[in-house]
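# Quick one, fold the following:
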Amino acid sequence: MHTPTVPLPSARAAFGSLIDYAGLFPPAKLSMAEAVAEYEAARRGPHAWMLGRFVVPASRLQELAEAAGGLEPFGLCAIVDVELDVRRWFGAVQRLLGTIGDAKGSMRIEVLEAPLAPLASARDTYDASLGQLAGLAARAGIREPVFAEWPRDERWNDLLPGAMAAAFRSRVGAKIRCGGLMPSAYPSVADVAAFIDAAATEHVPFKATAGLHHPVRHWNEHAGATMHGFLNVLAAASLAQRVSRETLEQIVAEEDPAAFTFDEASLGWRDDRVGMDEIVTARAEALVAFGSCSFNEPVEDLTALSILPRGA
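Model (predicted):
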């Protein structure tokens, strides 16, 4: 029996440069030297085509430059790591964006991610913060895409449509956190579906992070939570322009790996399929990438599910 060793074109389109490597962050929390070594190994491995950018806090760019000295330059996702204090947020972001702007001459910074501070009052929205973030980036000479993450608090759902519309107006992408170190950090299926739906409605590209090491949603005893799957998020993002919110919730909630299928020219979830053009569009204009502190786990899981061939 012939066993293919080349990924299907649809899988190539779906997973190409999808995984931004975040080995510096919990739960892996590697040292800079260890993380750079793991990233370098992945770059030279058989699944390098799936590897995205190296995720690094802006405050550690100099440390990264020293650890990666002598290596071929690689793409970076710089995190604007600031104290989320309403009174200090603007100045802290301004300083770090200046640092990032200065570092661009010697480092391949391709994407920025920045958290927004909690709102000061119940009357406020994120319109001003998103506009300020875009303005600060422009003044720092940063033309790379910026993705903003706003707090998932008790007002998150109410503010989501307006925040996504403001992100579109400011030409800022969005970021969703799908997990964390505590069970309470995992958003509900409805919250994830609402985020994807709002991003699709406003045509805002987004990134996802945390808790997405595995392809399909499942209960994780160690985490004490049901973890979201990156394949669920990818399929939902690919179908979001033509299915209902209810269907998006069903896709995000799917726990049967067999419900997700790939053939030569399409990705499918149950009876719904998206062709190559839709996959390419979804990766460029919807789910740009997701951050994972492990590169090997997603690859191994996709291989175990026979979505990726062995040796691909």
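
# And the strands in the stretch 1-150 of the chain?
Assigned by DSSP state E, counting those that start in this stretch, the stretch 1-150 of the chain shows strands spanning 19-21, 51-57, 75-79, 108-115, 146-149.

# Let me have those strands in JSON lines, extended by mean neighbour count, mean pLDDT and distance to N296.
(C-beta placed from N, C-alpha, C; glycine too.) As requested, the strands of the stretch 1-150 of the chain are exported to JSON lines (neighbours: other CB atoms under 10 Å; pLDDT from 0 to 100; distance: least, CB to CB, whole Å):
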{"stretch": "strand 19-21", "mean neighbour count": "25", "mean pLDDT": "98", "distance to N296": "10"}
{"stretch": "strand 51-57", "mean neighbour count": "23", "mean pLDDT": "97", "distance to N296": "11"}
{"stretch": "strand 75-79", "mean neighbour count": "24", "mean pLDDT": "95", "distance to N296": "19"}
{"stretch": "strand 108-115", "mean neighbour count": "21", "mean pLDDT": "94", "distance to N296": "22"}
{"stretch": "strand 146-149", "mean neighbour count": "23", "mean pLDDT": "97", "distance to N296": "25"}
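
# dump the residue contacts of P118.
By CB atoms under 8 Å, 6 or more residues apart in numbering, P118 lies in contact with L84, V86, P151, D153.

# from the residues you listed, which single one is nearest I279?
Set against I279, the nearest of the contacts of P118 by CB to CB is P151 (31.5 Å).

# Tell me who's in contact with that closest one.
Contacts of P151 by CB under 8 Å, 6+ apart are L84, P115, L116, P118.

# likewise A14?
A14 touches L234, S238, F262, L267, I279, R283, counting by CB under 8 Å, 6+ apart.

# want to try TSV for the residues you listed, with secondary structure as columns?
Output for these, formatted as TSV (DSSP: H, G, I helix; E, B strand; the rest coil):
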residue	secondary structure
L234	helix
S238	helix
F262	strand
L267	strand
I279	helix
R283	helix
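
# ok, which pair from these is furthest apart?
F262 and R283 (14.2 Å).

# more neighbours, the two?
F262 (24 against 21; other CB atoms under 10 Å).

# hang on, isn't the more buried one packed against A11?
Yes. The pair F262 / A11 is scored as a contact, 5.2 Å apart, by CB atoms under 8 Å.

# Report the beta-bridge partner residues of the closest residue to G291 other than its chain neighbours.
Spatial nearest neighbour of G291, excluding adjacent residues (CB to CB, 6 or more residues apart in numbering): T209 at 3.8 Å. Assessed by DSSP bridges, T209 has beta-bridge partners R177, G291.

# still on that earlier bit, could you point out which of the contacts of A14 is nearest to L96?
R283 (28.2 Å).

# residues touching the closest one, list them.
A13, A14, G16, L18.

# Tell me which two of the contacts of P118 sit farthest apart.
By the measure CB to CB, V86 and D153 form the most distant pair in the contacts of P118, at 13.2 Å.

# neighbour count winner among those two?
V86 (14 against 10).

# shouldn't the more buried one be in contact with D124?
No. Here V86 does not reach D124: they are 9.3 Å apart, not a contact under CB under 8 Å.

# What pLDDT does the model give A140?
Per-residue confidence for A140 comes out at a pLDDT of 89.

# So it versus G91, what's the distance?
13 Å (CB to CB, to the nearest Å).

# So which residues of the stretch 201-312 of the chain form strands?
Secondary structure of the stretch 201-312 of the chain by DSSP E, counting those that start in this stretch: the strands cover 206-209, 218-220, 225-227, 260-263, 266-269, 272-275, 287-292.

# quick one on the thing from earlier: could you dump the contacts of P118 to CSV with distance to E300 and pLDDT?
Shown next, in CSV, are the contacts of P118 (distance: CB to CB, whole Å; pLDDT from 0 to 100):
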residue, distance to E300, pLDDT
L84, 35, 76
V86, 42, 72
P151, 33, 92
D153, 35, 91
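
# Please enumerate residues in contact with stretch 129-143?
89-90, 93-94, 97-98, 100-101, 104, 112, 114, 116-117, 146, 148, 150, 163, 166-167, 169-172.

# any chance you could map the helices in the stretch 51-200 of the chain?
Using DSSP state H, counting those that start in this stretch, the helices of the stretch 51-200 of the chain run over 61-67, 89-103, 127-139, 156-170, 189-202.

# quick one: low-confidence parts of this structure?
Low-confidence segments of the chain, defined by pLDDT under 70: 1-5, 311-312.

# how about 50 then?
1-3 (pLDDT under 50).

# what's the spacing between G52 and A167?
In this view, G52 and A167 are 21 Å apart by CB to CB.

# that older thread, can you lay out the strands of the stretch 201-312 of the chain as TSV showing distance to L130?
Output for the strands of the stretch 201-312 of the chain, formatted as TSV (distance: least, CB to CB, whole Å):
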stretch	distance to L130
strand 206-209	14
strand 218-220	33
strand 225-227	29
strand 260-263	33
strand 266-269	31
strand 272-275	29
strand 287-292	17
